[in-house]
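Novice: When you get a sec, could you give me coordinates for this:
(one chain, ligands or ions: 1)
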Amino acid sequence: MSRSNDLSLDTVIYGASDLGCSVYEMLQDVASTNLVGFLDDYLNFPKHNINAQVIGDHHYLSKRSQPINVIICIGDNTKRRFIFEKISQIDSVRFSGFIHPEAWIEKSARVSESAIVFPSAYVGAQCRIGSNTIVHPNSTISAYSSVGDFALIAPNASIGSGADISSGVLIGLGATVNPGVSIGESAKIGASAAVIKNVVAKRCVMGVPSA
Ligand SMILES: CC(C)(COP(=O)(O)OP(=O)(O)OC[C@H]1O[C@@H](n2cnc3c(N)ncnc32)[C@H](O)[C@@H]1OP(=O)(O)O)[C@@H](O)C(=O)NCCC(=O)NCCS
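Specialist: Predicted structure coming up:
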């Protein structure tokens with residue numbers, strides 16, 4: 001499976017809703033990409049008044065002979081993974097991501113090329129951020145933490161050092177995860193939750209402290 005942040009290739013954003021529109025505008029502002037538009041499987045998009053065109057759905061990728069960077073901008077973790085699996089066998093597809101230059105990522109941290117990291121996000125020393133994971137503005141991922149693939153860290157979320165966030169996890173708006181806590185695969189942490197102990201896979205927890 002190919003991954004690339006080759007800026008000489010055309011780039012398309014998969015998903016023309018809120019997240020896609022934000023990434024589109026960031027790319028226009030701070031990156032020199034050949035942005036060709038959006039792909040969306042629901043062609044009644046765009047629901048927002050965006051200037052870019054929705055140029056097609058996944059069929060566009062199958063018909064294309066030249067390689068193209070695809071940034072999957074779908075906020076729902078399960079749907080994002082589904083689209084990833086659906087298009088990953090297509091020859092033209094090179095999965096790509098975007099790290100805003102105003103995000104602060106420590107030198108020893110490793111962020112997947114297909115992750116999206118918004119401005120004012122902080123990723124500490126020795127952290128790992130997985131593929132197709134989204135790290136929203138003003139979120140903090142403290143040192144020695146790990147975030148798996150297809151996860152979403154919402155705005156203002158704070159993850160303490162040495163936490164282990166598995167793949168497919170949603171950390172809601174303004175939630176706090178204490179240092180060293182593990183969150184199991186595809187668990188959901190509600191907005192403003194304070195997580196003080198481990199959460200098993202697929203659980204949804206909320207509140208302070210969360211349960
Ligand atoms: C926790 C969450 C996943 C639950 O969603 P849900 O299963 O659809 O739950 P519902 O909205 O049906 O609410 C169920 C109950 O939980 C309560 N509840 C929901 N979210 C809550 C939260 N964050 N904190 C405290 N209570 C919450 C509701 O008031 C409701 O209580 P009730 O049964 O007494 O009426 C969701 O509310 C949430 O917080 N999602 C995070 C969203 C987010 O940050 N997205 C990122 C955007 S970038």
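Novice: from here on, contacts and neighbour counts on C-alpha atoms
Specialist: Will do.
Novice: next helix or strand past the helix or strand in which residue 79 is found?
Specialist: Secondary structure assignment for residue 79, by DSSP states H and E: helix 77-87. The helix or strand immediately downstream of helix 77-87 is strand 93-95, counting by DSSP H and E.
Novice: Remind me what that following strand packs against, helices and strands.
Specialist: Packed against strand 93-95 by the contact rule (3 or more C-alpha pairs under 8 Å, 6 or more residues apart in numbering; DSSP states H and E) you find strand 68-72.
Novice: mind checking which helix or strand of the chain has the lowest mean pLDDT?
Specialist: strand 54-56 (a mean of 88; mean pLDDT, DSSP states H and E).
Novice: Distance from the chain centre to the following helix or strand past it, please.
Specialist: As assigned by DSSP H and E, the chain's next helix or strand after strand 54-56 is helix 59-63. Taking C-alpha atoms, centre = their mean, to the nearest Å, one finds the center of helix 59-63 at 23 Å from the center of the full chain.
Novice: quick one: contacts of helix 59-63?
Specialist: Contacts with helix 59-63, where a contact means C-alpha atoms under 8 Å, 6 or more residues apart in numbering, come from 39, 87, 90-93.
Novice: in it, what's buried?
Specialist: residue 61 (16 or more other C-alpha atoms under 10 Å).
Novice: Please save the CA atoms from that helix in CSV.
Specialist: Taking C-alpha atoms only, helix 59-63 is exported to CSV below (Å, rounded to 0.1, in the frame of the first residue of the first chain):
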residue,chain,number,x,y,z
HIS,A,59,-14.9,5.9,-9.2
TYR,A,60,-12.8,8.9,-10.0
LEU,A,61,-9.8,7.1,-8.4
SER,A,62,-10.4,3.9,-10.3
LYS,A,63,-10.5,5.7,-13.6
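Novice: Where neighbours are concerned, which of the contacts of helix 59-63 has the most?
Specialist: residue 39 (27 neighbours; other C-alpha atoms under 10 Å).
Novice: picking up where we left off before, kindly reformat the contacts of helix 59-63 as JSON lines containing distance to residue 28.
Specialist: Listed next are the contacts of helix 59-63 as JSON lines, based on distance: C-alpha to C-alpha, whole Å:
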{"residue": "39", "distance to residue 28": "17"}
{"residue": "87", "distance to residue 28": "25"}
{"residue": "90", "distance to residue 28": "26"}
{"residue": "91", "distance to residue 28": "26"}
{"residue": "92", "distance to residue 28": "23"}
{"residue": "93", "distance to residue 28": "21"}
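Novice: Please identify which pair of those lies farthest apart.
Specialist: Farthest pair in the contacts of helix 59-63 (C-alpha to C-alpha) is 39 and 91. Separation: 16.6 Å.
Novice: what's the span of stretch 159-169 from first residue to last?
Specialist: Taking C-alpha to C-alpha, to the nearest Å, stretch 159-169 runs 13 Å from one end to the other.
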